[in-house]
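Peer 1: Quick one: sequence and predicted model below, then my questions.
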Amino acid sequence: GNSVTQMEGPVTLSEEAFLTINCTYTATGYPSLFWYVQYPGEGLQLLLKATKADDKGSNKGFEATYRKETTSFHLEKGSVQVSDSAVYFCALRGTGSQGNLIFGKGTKLSVKP
Amino acid sequence: DGGITQSPKYLFRKEGQNVTLSCEQNLNHDAMYWYRQDPGQGLRLIYYSQIVNDFQKGDIAEGYSVSREKKESFPLTVTSAQKNPTAFYLCASSIGQGATGELFFGEGSRLTVL
């Protein structure tokens, strides 16, 4: 079945540091890939997505590229801010009967001033 | 503003009691979902519904029940049969179940069993 594996946290960075959160997936066919973010005490919200190989999703300075050859969708940001502190979830959505979202376990990011 | 409203935000329950969590959306979305979130385990799907009067079990449906009598409402009942109900519960909706569909989440309900 489909699955998502993302790097375990927590990740602690200083403001303006470079961020990478690794995400790899297992899926049949051509899934869509997502990054969701959860700020403290809130639900999840979509950060970015990519629906086919080599697509790059981007939003709020975050980027991720859909790499089919390495089955990866790593999240990156060149310069993090304190306000980026949150839990980040990688997710996969298959096609047809496997169309529900499957989430990774989440990576908690703390950014210190 | 359009969105998903979950209530209550916090709920305490004694063992052996059933509780119902409310989820209402005004986004006119067809599909609705319930997820459970536990520390270090990410989100796990409990139930989902693609249309009114129809719903399907997710990965961890045991001890839970749902109904979908109206398009905008998808309440979740945590029954006394659920062995470990203390968790954060998230409701979500989407336009459809196609491969590009984005999920919109409510702010969650935190259930604690005393």
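Peer 2: That came through, no problem.
Peer 1: make it CA atoms for all contacts and neighbour counts henceforth
Peer 2: Will do.
Peer 1: Might you report the residue contacts of residue 44?
Peer 2: You didn't say which chain, so I picked chain A. Applying Cα atoms under 8 Å, 6 or more residues apart in numbering or on different chains, we find A:Leu44 in contact with A:36-38, B:104-107.
Peer 1: That was the other one, I meant chain B.
Peer 2: Here B:Arg44 is in contact with A:102-103, B:35-37, B:59-60 (Cα under 8 Å, 6+ apart).
Peer 1: Can you flag the buried ones in these?
Peer 2: Taking 16 or more other Cα atoms under 10 Å in any protein chain shown as the criterion, what is buried in these is A:102-103, B:35-37.
Peer 1: Among the residues you listed, which ones are in helices?
Peer 2: In helices, judged by DSSP state H, none of the buried ones among the contacts of B:Arg44 are found.
Peer 1: out of those, who's nearest A:Glu63?
Peer 2: A:Phe103 (18.2 Å; Cα to Cα).
Peer 1: Can you give me the neighbour number for the closest residue to B:Ser93 other than its chain neighbours?
Peer 2: Nearest in space to B:Ser93, with sequence neighbours left out and distances taken as Cα to Cα, 6 or more residues apart in numbering or on different chains, is B:Met32 at 4.2 Å. Using other Cα atoms under 10 Å in any protein chain shown as the criterion, B:Met32 is surrounded by 30 other residues.
Peer 1: Am I right that B:Met32 is in contact with B:Val52?
Peer 2: No - with contact taken as Cα atoms under 8 Å, B:Met32 and B:Val52 are classed as non-touching, separated by 9.8 Å.
Peer 1: who's in contact with residue 51?
Peer 2: You didn't pick a chain, so chain A it is. The neighbours of A:Thr51, taking Cα under 8 Å, 6+ apart as the test, are A:31-33, A:66, B:100.
Peer 1: Correction: the question concerned chain B.
Peer 2: For B:Ile51, the residues meeting the contact criterion (Cα under 8 Å, 6+ apart) are B:30-31, B:68, B:71.
Peer 1: give me that answer again for 6 Å
Peer 2: Contacts here follow Cα atoms under 6 Å, 6 or more residues apart in numbering or on different chains; on that basis B:Ile51 touches B:Asp30.
Peer 1: List the residues that contact A:Thr26.
Peer 2: A:2-3.
Peer 1: Kindly recompute the last result at 7 Å.
Peer 2: Contact analysis of A:Thr26 by Cα atoms under 7 Å, 6 or more residues apart in numbering or on different chains lists A:2-4.
Peer 1: Test of understanding: give the bridge partners of it.
Peer 2: According to DSSP bridges, the partner residues bridging A:Thr26 are A:Ser3.
Peer 1: Is the nearest residue to B:Arg36 once chain neighbours are set aside bridged to anything, and to what?
Peer 2: Once flanking residues are discounted, B:Arg36 sits nearest to B:Tyr89: 4.7 Å by Cα to Cα, 6+ apart. Here B:Tyr89 sits in beta bridges with B:Arg36, B:Ser109, as judged by DSSP bridges.
Peer 1: Alright, that wraps it up for me.
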